[in-house]
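A.B. asks: Show me how the following folds:
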Amino acid sequence: MKAGEKLDMLVGLGNGFNPEKSGDKPLLIGGGVGIPPLYNLCKELLKMGKTPTVILGFNKKEEIFYEDAFKQLGAKVIVTTVDGSYGVKGFVTDAMDIEYSYFFTCGPMPMFKAIEKKAITSGQYSFEERMGCGFGACMGCSCKTKYGNKRICKDGPVLYREEIVW
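C.D. replies: Now for the predicted structure:
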């Protein structure tokens, strides 16, 4: 493009994690494709002088990624594998018996429901939802909250634990 030309484009909708609420010992919990969004959050928390613990969940050793990247940032990393081929055997919730002040998570809904039962603090969930329109018109990606349905594409994808109706 040339200087001065206009570009018609659709950019990111919704919101992101709010690291200000993290307390001094934040816990980041990611499962599968929900792990990459936590990487930049980890960087931000470290810039704020906080040392996050990161729990990464996978089915088996061959699927593991980003473990070294988080370690290189300076985060404490715990890896879980369902089959026990690496790290803690089981799910991310099997590694949550540690001290933390607040949690952030991104991953599949079954993981969220398990975290909700196990978590001992407030936290933020970044939802992975299929989105029909991406503008908030179709309500296809909505989540029930105490304040009515929220659209993941527009009102999310990050919602606070206290507002979600499971």
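A.B. asks: Run through the bridge partners of G107.
C.D. replies: Beta bridges link G107 to F127 when assigned by DSSP bridges.
A.B. asks: Poorly predicted segments of this structure, please.
C.D. replies: Applying pLDDT under 70 to the chain picks out residues 12.
A.B. asks: ok, which stretches of it are helices?
C.D. replies: Ranges of helices within the chain are 36-47, 67-73, 109-118, based on DSSP state H.
A.B. asks: check contacts around the residue nearest to the spatial centre of the chain.
C.D. replies: In the chain, the centroid-proximal residue (CA atoms, centre = their mean) is C106; its distance is 2.4 Å. Listed by CB atoms under 8 Å, 6 or more residues apart in numbering, the contact set of C106 reads I29, G30, G31, G34, I35, P37, L38, Y125, S126, E128. C-betas here are computed from N, CA, C, even on glycine.
A.B. asks: 6 Å instead?
C.D. replies: If you count contacts by CB atoms under 6 Å, 6 or more residues apart in numbering, C106 has them with G30, G34, P37, L38, S126.
A.B. asks: Tell me the spacing between C138 and V33.
C.D. replies: From C138 across to V33, the span is 23 Å (CB to CB, to the nearest Å).
A.B. asks: What count of nearby residues applies to G74?
C.D. replies: Residues near G74, counting by other CB atoms under 10 Å, number 11.
A.B. asks: Find the residue closest to it in space, skipping its chain neighbours.
C.D. replies: L46 (5.9 Å; CB to CB, 6 or more residues apart in numbering).
A.B. asks: Using the record's assignment, carve this structure into domains.
C.D. replies: The chain breaks down into these domains under automatic domain parsing: 21-128, 129-155.
A.B. asks: Select, out of the ones you listed, the one closest to V165.
C.D. replies: Each of the domains of the chain has some distance to V165 by CB to CB; the shortest is domain 129-155, at 4.4 Å.
A.B. asks: Apart from its neighbours in sequence, what residue is nearest F17?
C.D. replies: L41 (4.9 Å).
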